[in-house]
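# Provide a 3D model corresponding to the input given below.
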Amino acid sequence: MTAELGYYTLSVRDLDRAAAFYGALLGWEFKREHETYLHVTNTKVPMGFVAGGPSSQPNLYYHVEDIEAAVERVRELGGTTGELYEGRSGRGCSCTDDQGTELSLWQPAPGFA
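Residues are numbered from 1 along each chain as shown. The predicted structure is shown next:
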């Protein structure tokens, strides 16, 4: 049996800022479960945000249709980005949100979606 990502959380300093940033960047919608947790309601893989400050997480890649547009959106929302890179599987970029939490964006090459 192949193991697949079943659930994950991102640790952030401020849940409301995280919801604004990721909602605008990736189109995520949220439901506050309690004062220290937001559940993302519109993703196939269940996930959420935990308050408590940014922490190092597994490097998860978020599939985007247009890497240049997504990188520009990160910057517009107050985040920072590394250099775009290209490989056989597509193009990507390591980014940091407006609170210091790291994320990676990936535009798959044909055949890798």
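# which elements pack onto the worst-scoring helix or strand of the chain on mean pLDDT?
Here the helix or strand of the chain ranked lowest by mean pLDDT, DSSP states H and E is strand 61-63, holding a mean of 85. Here strand 61-63 touches strand 102-108, going by 3 or more Cβ pairs under 8 Å, 6 or more residues apart in numbering; DSSP states H and E. (C-beta placed from N, C-alpha, C; glycine too.)
# direction included, what does the strand it packs on pair against?
Applying DSSP bridges, strand 102-108 is found paired with strand 61-63 (parallel), strand 90-96 (antiparallel).
# got the CA positions of the longest one in PDB?
Listed in PDB are the C-alpha atoms of strand 90-96, where the atom choice follows Å, rounded to 0.1, in the frame of the first residue of the first chain:
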ATOM      1  CA  GLY A  90       8.300  21.300 -13.500                       C
ATOM      2  CA  ARG A  91       9.100  24.800 -12.100                       C
ATOM      3  CA  GLY A  92       9.000  25.800  -8.500                       C
ATOM      4  CA  CYS A  93       9.900  28.400  -6.000                       C
ATOM      5  CA  SER A  94      10.600  28.300  -2.200                       C
ATOM      6  CA  CYS A  95       8.700  31.100  -0.500                       C
ATOM      7  CA  THR A  96       8.100  32.600   3.000                       C
END
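# quick one: low-confidence parts of this protein?
Low-confidence segments of the chain (pLDDT under 70): 1-6, 56-59, 112-113.
# which residues touch Gly27?
By Cβ atoms under 8 Å, 6 or more residues apart in numbering, the contact set of Gly27 is Asn42.
# and it, how far is that from Arg73?
11 Å (Cβ to Cβ, to the nearest Å).
# which residues in this protein form helices?
Taking DSSP state H, the helices of the chain run over residues 15-26, 67-76.
# residues contacting the residue nearest to Arg75 when sequence neighbours are not counted?
Counting by Cβ to Cβ, 6 or more residues apart in numbering, Thr81 is the residue found nearest to Arg75 once chain neighbours are left out, at 6.3 Å. When contacts are counted by Cβ under 8 Å, 6+ apart, Thr81 touches Val71, Val74, Arg75, Cys93, Ser94, Cys95, Thr96.
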